[in-house]
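Engineer: Mind looking at a prediction? Sequence and model below.
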Amino acid sequence: MKRIYLALGMLTCIMFTMAGKQVYAQSAASFPSRPITIIVPFTPGGPTDMYARMIAAKMQEHWGQPVLVDNRPGGTGILGNNLVIKSPPNGYTLLFTSNSAHLISTLLKNPKPYDSIKDFTPITIAIKYPMYLLINPNIPAKTVPEFIAYAKANGSKLNYSSVGLGSGGHLACELFNIAAGTNITHVPYKGAVPAQASTIAGETQMFCDSVGNSQPMVDAGKLRGLATFSDKRVSTVDNVPTLGEVGLPGLAAYIWLGLLGPPGMPTDITNKLNAEVLRIMALPEIRDRALKGGNEIVANSPEQFSKDMAQEIVFWSRIIKEKNIKED
């Protein structure tokens, strides 16, 4: 009798497993069959929100199901991320975020609120853009070497602005400090607008930002763009050298915007979402808009997304440790 009960138990487990696989297969084939919510852990209006809405609109158009963007700012990404972590892993609640909020800010927290890779299902990075080294145009320097010499001659009198502690711009500027041997002091602001305005006004002397956001101010003569933190020149500002070209190699610092889901999402649904974002990013109007903003389309696989994040954690952790950056 014990053998019979054991056999029946094993048969029941197999049947449940097969049924579960069948449900997942069916759900992947018919996905989506109801509205999708994309959580953005920022206020409306920024680049992350803008690209989330572009992608959501194209998904809705293609699939015929509502795709809603839900802005949930708070805790530098923690509020929105926790909502996604706790959601059913069925593909109907997703996260569109940046590495600043999802990955870098987490490295400053102790204990860490979650694992940026294991507690999510990476789907794809949509775009990335390099940081752009900018200075106040009244600074008597027109090249990176001239600016480094000026910064060293003025000791710790110079300041740089950022959109906040642990942001991509903050760490990019610290990366520059390390490589250049300068001691320019960090002054955090609450957002890109006041951070940019402070450098334009001369309250701070340096700012690391995106090409898309700050090049109009360069064109207007209100900022001076010295170099990009990129592997190659950015096509929209091809007259601006990379830091490697001016004697500071290896200083590639990018912000990415990407799509993730709750942990444990079925591979079929993950792959279907990945294929849809890749399709969207290849559309001429989306591609052209991204490139005009100084962005690079990535559209990678879930596996490559995970590998990229793992490498980033090592890279940014080194900067944070070396500069002893801690959350206030």
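Structural biologist: Sure thing, it's come through. Residues are numbered from 1 along each chain as shown.

Engineer: Secondary structure class of Lys118, three-state.
Structural biologist: Of the three states, Lys118 takes coil under DSSP: H, G, I helix; E, B strand; the rest coil.

Engineer: worst-scoring helix or strand of the protein, pLDDT-wise?
Structural biologist: helix 2-30 (a mean of 53; mean pLDDT, DSSP states H and E).

Engineer: for the helix or strand that it is followed by, packing partners?
Structural biologist: Using DSSP states H and E, the next helix or strand after helix 2-30 towards the C-terminus is strand 36-40. Packing partners of strand 36-40 (3 or more C-beta pairs under 8 Å, 6 or more residues apart in numbering; DSSP states H and E): helix 47-63, strand 67-71, helix 78-85, strand 93-98. No exception for glycine: its C-beta is placed from N, CA and C like everyone else's.

Engineer: tell me which residues in stretch 273-280 are buried?
Structural biologist: Leu273, Asn274, Glu276, Val277, Leu278, Ile280 (16 or more other C-beta atoms under 10 Å).

Engineer: Kindly report the same for stretch 247-261.
Structural biologist: For stretch 247-261, by 16+ other C-beta under 10 Å, it's Leu248, Leu251, Ala252, Ala253, Tyr254, Ile255, Trp256, Leu257, Gly258, Leu259, Leu260, Gly261.

Engineer: likewise stretch 210-219?
Structural biologist: Buried-residue list, stretch 210-219, by 16+ other C-beta under 10 Å: Ser210, Val211, Gly212, Asn213, Ser214, Gln215, Met217, Val218.

Engineer: Give me the distance between the last one and Ser230.
Structural biologist: Yep, that's Val218 we're talking about. 16 Å (C-beta to C-beta, to the nearest Å).

Engineer: Same question for the fourth one.
Structural biologist: With distances defined as C-beta to C-beta, the gap from Asn213 to Ser230 amounts to 15 Å.

Engineer: again, but for Ser33
Structural biologist: Taking C-beta to C-beta, one finds Ser33 at 42 Å from Ser230.

Engineer: Give me the more crowded residue out of these two.
Structural biologist: Ser230 (24 against 10; other C-beta atoms under 10 Å).

Engineer: any idea how far the more buried one is from Ile178?
Structural biologist: From Ser230 to Ile178 the distance is 18 Å (C-beta to C-beta).

Engineer: quick revisit: now, of the helices and strands packed on strand 36-40, which is deepest in the fold?
Structural biologist: Compared across those, strand 93-98 shows the largest average neighbour count, a mean of 26 (mean count of other C-beta atoms under 10 Å).

Engineer: Mind giving me the packing neighbours of it?
Structural biologist: strand 36-40, helix 47-63, helix 78-85, strand 254-261.

Engineer: Can I get the shortest one in PDB, CA atoms only?
Structural biologist: Below are the C-alpha coordinates for strand 36-40, written out as PDB (Å, rounded to 0.1, in the frame of the first residue of the first chain):
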ATOM      1  CA  ILE A  36      -0.500  45.700 -19.200                       C
ATOM      2  CA  THR A  37       0.900  48.100 -16.700                       C
ATOM      3  CA  ILE A  38       4.400  49.500 -17.000                       C
ATOM      4  CA  ILE A  39       5.600  51.100 -13.800                       C
ATOM      5  CA  VAL A  40       8.100  54.000 -14.100                       C
END
